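> All I have is the shape, not the residue letters:
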């Protein structure tokens, strides 16, 4: 973060400090918080990207499977009836 932006943020935070009951000599050190956040992000970027990719692939496969199940569902039911070891008449009654 630019030094000027840090000074601007610290000055504005010190202006509202009295309403927050914060001591005047308290340092906010915004750049330290941002730096620690970036360090955490760099250490965990692998897990963040892999989790995002995992979720994206699973949602895509779920939508793909649901689309074809809704589109071809009647054929799926017929194939289950054909594979069933029961007599033809009771098979279709079980699946209604």
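Received it, and whenever you're ready, just let me know what you need. Source: prediction; values computed, not measured.

> where does this protein have low pLDDT?
The model of the chain has pLDDT under 70 over residues 1-3, 6, 14, 17, 22-31, 87-96.

> so which helix or strand takes in the most centrally placed residue in it?
For the chain, the residue sitting closest to the mean C-alpha position, by CA atoms, centre = their mean, is residue 52 at 6.4 Å. If you go by DSSP states H and E, residue 52 is part of helix 30-71.

> Can you name the element that comes right after that helix?
Reading on from helix 30-71 to the C-terminus, the next helix or strand found by DSSP H and E is helix 73-83.

> burial count for residue 5?
If you count neighbours by other CB atoms under 10 Å, residue 5 ends up with 11. (C-beta placed from N, C-alpha, C; glycine too.)

> no wait, residue 9
With other CB under 10 Å as criterion, residue 9 counts 14.

> What helices and strands are in contact with the helix or strand harbouring it?
Element membership for residue 9 (DSSP H and E) is helix 3-20. On a contact count with 3 or more CB pairs under 8 Å, 6 or more residues apart in numbering; DSSP states H and E, helix 3-20 meets helix 30-71.

> okay, the angle between the helix it packs on and helix 3-20?
For helix 30-71 against helix 3-20, the angle by axes from the mean of the first three to the mean of the last three CA atoms, to 10 degrees is 90 degrees.

> What is helix 30-71 packed up against?
The contact analysis (3+ CB pairs under 8 Å, 6+ apart) places helix 30-71 against helix 3-20.

> how far is the helix it packs on from where the chain is centred?
Averaging C-alpha positions (CA atoms, centre = their mean, to the nearest Å) puts helix 3-20 33 Å from its chain's average.

> now swap in stretch 67-82 and tell me
Averaging C-alpha positions (CA atoms, centre = their mean) puts stretch 67-82 32 Å from its chain's average.

> again, but for stretch 53-71
16 Å.
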